[in-house]
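Let me see the structure of the following:
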Amino acid sequence: MYNYHIGEYIKRKREEKEIKQDELCYGICDRSTLSRIERGKQEPSYYILKALLQRLGISEDRCQILMGPQEFEISELQREIVADNVRKDFSSALKKIRRLEELSQSAENPLLQQFVLRVRALAGYEKDGERHAYTRSVQRKILIRALELTCPGITMENLDSFLLGEDEAKIINQIAITYSEDGNRRQAIEIYRQLIRYVQSNFAGCEIGQVMLPLTAYNYSKVLGLERRYEEAIEIAELGRQCCVKYNKCRMLGGLLLNIAYCLHQLGDDEKSQKLLLNSYYAYLIMEDFASCKVVQEYAEENLGMKIN
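Numbering: from 1, shown residues only. Just a heads-up that it's a prediction; the model follows:
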């Protein structure tokens, strides 16, 4: 009965969004499998269900009840690896990635393999007992390979032609970062332009959009600011800030406020910039992101002669 309701729920959400079966399951499973799931004739695996729900803009938390022991171990490893990468504790991340690679090979699951490639691109690799980072171009190749596992034929020029889930959107975000850090900001801006439009159109108001809009807006506005497109950067960062406030999502708030403060300073409005720098500092402080607190303090003192304690 539970599986029937899951299938019925997927079908209802798919039809509400006017998404065809072929579009929803592309790169995840074949159409006949999705049809059986929707009719309650087949039990979806955790990974397939997670990917389908993501493309419908629904958080993966809804399907955790279907986890078996191995899937639970994998899910916990995934959370820990992402946290390690955010903290830049890459040695710890690489140890856990090795275990995840063992599990992904036994599962032969492209969705799990996609995650492994995505986190390894950032964590790097080990050689002679030491961790080494990939170059930006190698990172990009790994990320594109990961993306193509569930979106065969996708390029950075035809993103609008594909139905994306949260994981795929995050990979595209990472690809844009590699272009920006490689000095190709124009390409990064074009990718972010497409991605934020996609997030606004397809994830508006849903749980995934509440995560992806602030994340995309932060990175997009940062690159626009570096290109001296300050008014555009403020507009984009403000979209992300409003989303954070509306849905009580604070993780990206400090960075968005910092981006706006930077642009206002460049435009000569130091009074507003100082207020936002203070807000940015306290937003980071609440999240216990002390490294970012230090970044704000140093920027404020060096550029505006402002001390934040």
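
Okay, and the residue positioned nearest the centre of the chain sits in which element?
Nearest to the mean C-alpha position of the chain, by Cα atoms, centre = their mean, lies K170 at 3.0 Å. Per DSSP states H and E: K170 is located in helix 166-181.

For that helix, buried residues please.
Using 16 or more other Cβ atoms under 10 Å as the test for burial, helix 166-181 gives 166-180. For the C-beta atoms, the positions are set from N, CA and C on the backbone; glycine is no exception.

Let me know the closest of the residues you listed to Q113.
D167 (11.7 Å; Cβ to Cβ).

wait, isn't the closest one in contact with V116?
No: applying Cβ atoms under 8 Å as the test, D167 and V116 come out as separate, 11.7 Å apart.

how about the nearest residue to M252, chain neighbours excluded?
In space, and not counting its chain neighbours, M252 is closest to P214: 3.8 Å by Cβ to Cβ, 6 or more residues apart in numbering.

For I37, see how far away the one you found is.
Distance, P214 to I37, by Cβ to Cβ, to the nearest Å: 32 Å.

repeat for R241
From R241 to I37 the distance is 39 Å (Cβ to Cβ).

chain center to the longest helix anywhere in the chain, what's the gap?
Longest helix in the chain, counting residues (DSSP state H): helix 207-226. With Cα atoms, centre = their mean, to the nearest Å as the basis, helix 207-226 stands 9 Å off its chain's centre.

avg pLDDT for it?
The average pLDDT within helix 207-226 is 95.

How about stretch 21-29?
Mean per-residue pLDDT for stretch 21-29: 94.

Number the chain from 790, please
Sure, I'll start numbering at 790, so the last one becomes stretch 810-818.

neighbouring contacts of that stretch?
Stretch 810-818 is contacted from outside by 803, 820, 822-824, 827, 837, 840-841, 844-845, 899-900, 938-941, 951-952, using Cβ atoms under 8 Å, 6 or more residues apart in numbering.

can you give me the strands for the protein?
Assigned by DSSP state E, the strands in the chain fall at 914-916, 919-921.

List the contacts of the first one.
Contact with strand 914-916 is made by 883, 920-921, 923, as judged by Cβ under 8 Å, 6+ apart.

low-scoring stretches of the stretch 790-939 of the chain, by residue?
Applying pLDDT under 70 to the stretch 790-939 of the chain picks out residues 790-793, 849-857, 894-897.

how much space between P899 and T944?
19 Å.

Looking at those two now, which is surrounded by more residues?
With neighbours defined as other Cβ atoms under 10 Å, P899 and T944 compare such that P899 has more, 17 against 12.

Give the full set of residues in contact with the spatially closest residue to that one that is not a sequence neighbour.
Excluding its sequence neighbours, the residue lying closest to P899 (Cβ to Cβ, 6+ apart) is L938, at 4.6 Å. The contact partners of L938, taken as Cβ under 8 Å, 6+ apart, are 816, 899-900, 902-903, 906.
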